[in-house]
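J.: could you work out the structure for the sequence below:
(one chain, ligands or ions: 3)
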Amino acid sequence: MRTRPLKVALLGCGVVGSEVARIMTTHADDLAARIGAPVELAGVAVRRPDRVRAGIDPALVTTDATALVKRGDIDVVVEVIGGIEPARSLITAAFEHGASVVSANKALLAQDGAALHAAAEEHGRDLYYEAAVAGAIPLIRPLRESLAGDKINRVMGIVNGTTNFILDKMDSTGAGYQEALDEATALGYAEADPTADVEGFDAAAKAAILAGIAFHTRVRLDDVHREGMTEVTAADFASAKAMGCTIKLLAICERAEDGASVTARVHPAMIPLTHPLASVRGAYNAVFVESDAAGQLMFYGPGAGGAPTASAVLGDLVAVCRNRLDGSTGPGESAYAALPVSPMGEVVTRYHISLDVADKPGVLAQVATVFAEHGVSIDTVRQQGRPDSDGEASLVVVTHRASDAALGGTVEALRKLDTVRGVASIMRVEGE
Ligand SMILES: NC(=O)c1ccc[n+]([C@@H]2O[C@H](COP(=O)([O-])OP(=O)(O)OC[C@H]3O[C@@H](n4cnc5c(N)ncnc54)[C@H](O)[C@@H]3O)[C@@H](O)[C@H]2O)c1
Ligand SMILES: N[C@@H](CCO)C(=O)O
Ligand code: NA
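T.: Ligands and ions are numbered 1, 2, ... in the order given. Predicted coordinates for the structure are as follows:
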């Protein structure tokens, strides 16, 4: 074993960074044995230097992250600050000054992954980010390495723990969205500003990263269709139950049936209770991968939290350190397929549409005609009179597979019918 240590700079010492530092210290001997050289924490960049950080030598702490990454003797920079800047400039400077980088930053990778990979390649260094998608769950490496010989057709997953916790609460208790969000906040699952999670931004960033790796194609954050889950109601869950389904916020990356294009999207969807993703409870994450040769694979585990996320960071750290020792680099960006990313209108799936209609003769026929005129085939229709309403009924239509554009046209035309008083909800049905 080499005795000269590999030097690691840690940027950010929050929820994830403090766990990275702890594991580096407590598992130092094992890490050294696995890597073939000791790893030394050579500097820790923080924003608040006065805070007491158990197990971290105060002499290592600095507020000057830029000077730390430019020191020249750093082998690996671990970026767990988050956000776009200064993380992007720091990572770029790290490559320029000879370091490899491990990051957990999905927002940055989804936005600037291509440029950062190019910088890593230019300087002959590694950029690893297993922790950026689904926390501790090994996913990036299985997609990039274990499945490198297969053809991935679909990646569908629950990649946000906060929203899964909220939806699971709504499902199991009948609570409304706000009540479930309040509980998630009180228990520390949801942040004070939950926008990134509940509006699907976090999941969309992860979808962009996953689609890019799965399809060897550059998929930018802007290419991902995004709908949050704030409009999901207790009534939607009741409808889902009636169909033997539950509702999950899904990130879905798909190759088109002709293989010539791909799509990436995040939205709430009904899935059958028999689908493996339906049994993912609480704040857990899971990703379902379908490929030509392997068939169906499921990756499941904790998608967030300090120690679980640090597990993924440490795994990357070991891999990157091994590469440094033998002067190699691991796989970089693979975007050779360069498939076009189609807009949401071209996505084909099934829909569950709940309408408030006038309860009188001919209405069902009128509604069915609108679906037929737009080429959307109906699978089932369920009508329920509502005793409390003045001559209104709820009409629930479940369609066969149709394009999002055709469904959009159908709904627009339905809204124009006098007999359709309102469109209570539209939800996609996945996983069948
Ligand atoms: N917390 C999780 O469960 C989780 C899971 C997966 C990925 N991640 C990702 O890991 C990263 C870190 O997340 P976190 O939960 O640890 O966040 P956090 O807010 O707890 O920690 C970030 C730390 O960086 C510090 N910081 C900010 N700007 C800095 C600067 N210029 N120099 C030095 N330090 C600076 C902050 O003071 C803070 O302590 C993010 O990219 C996040 O998306 C987090
Ligand atoms: N806010 C994210 C953290 C992990 O990226 C979640 O709830 O899953
Ligand atoms: Na992961």
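J.: quick one: the helices in the stretch 1-150 of the chain?
T.: For the stretch 1-150 of the chain, the helices defined by DSSP state H, counting those that start in this stretch cover 15-26, 28-35, 65-69, 87-96, 106-122, 140-141.
J.: got the confidence number for P387?
T.: pLDDT, the model's per-residue confidence, is 73 for P387.
J.: host element of it?
T.: Secondary-structure assignment from DSSP states H and E places P387 in no helical or strand segment.
J.: report the contact partners of the one residue in the chain that gets nearest to ligand 1.
T.: Among all residues of the chain, G14 sits closest to ligand 1, at 1.9 Å; criterion: Cβ to the nearest ligand atom. Where C-beta positions appear, they are placed from N, C-alpha and C, glycine not excepted. Applying Cβ atoms under 8 Å, 6 or more residues apart in numbering, one finds that G14 lies in contact with V80.
J.: make it 10 Å
T.: The neighbours of G14, taking Cβ atoms under 10 Å, 6 or more residues apart in numbering as the test, are 46-48, 80-82, 306.
J.: derive a PyMOL selection command for the buried subset of these.
T.: Here is the PyMOL selection string for the buried members of these, based on 16 or more other Cβ atoms under 10 Å:
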select buried, resi 46+80+81+82+306
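J.: closest to P361 out of the contacts of G14?
T.: Distance to P361, by Cβ to Cβ, is smallest for G82 among the contacts of G14, at 59.1 Å.
J.: which non-adjacent residue is nearest T329?
T.: Using Cβ to Cβ, 6 or more residues apart in numbering and skipping the chain neighbours, the partner closest in space to T329 is D126 (5.1 Å).
J.: hmm, the one you found is touching G327, no?
T.: No. Contact criterion Cβ atoms under 10 Å: D126 and G327 do not qualify, at 11.7 Å.
J.: compare the two (neighbour count), which wins?
T.: For D126 versus G327, the count of surrounding residues by other Cβ atoms under 10 Å is larger for D126: 23 against 7.
J.: ok, back up a step: can you lay out the contacts of G14 as a markdown table showing pLDDT?
T.: Supplementary listing: the contacts of G14 in a markdown table, determined by pLDDT from 0 to 100:
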| residue | pLDDT |
| --- | --- |
| V46 | 98 |
| R47 | 97 |
| R48 | 95 |
| V80 | 98 |
| I81 | 98 |
| G82 | 97 |
| G306 | 96 |
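J.: distance to ligand 1 added to the contacts of G14, as CSV?
T.: Written out in CSV, the entries for the contacts of G14 read as follows (distance: Cβ to the nearest ligand atom, whole Å):
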residue, distance to ligand 1
V46, 5
R47, 4
R48, 6
V80, 4
I81, 4
G82, 3
G306, 6
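J.: out of the contacts of G14, flag the one nearest to C253.
T.: Using Cβ to Cβ, the shortest approach to C253 within the contacts of G14 belongs to G82, at 23.2 Å.
J.: isn't the closest one right up against L108?
T.: Yes. Checked against Cβ under 10 Å, the pair G82 and L108 is within contact range at 8.0 Å.
J.: phi first, then psi, for the closest residue to G305 other than its chain neighbours.
T.: Closest residue in space to G305, ignoring its immediate chain neighbours: G135 at 6.7 Å, by Cβ to Cβ, 6+ apart. Phi and psi for G135, reported as degrees, to the nearest 10, are phi 40, psi -120.
J.: what about the residue in the stretch 251-400 of the chain positioned nearest to ligand 2, neighbour count?
T.: Residue of the stretch 251-400 of the chain nearest ligand 2, by Cβ to the nearest ligand atom: A304 (3.7 Å). Each residue near A304 was counted by other Cβ under 10 Å, and the total is 21.
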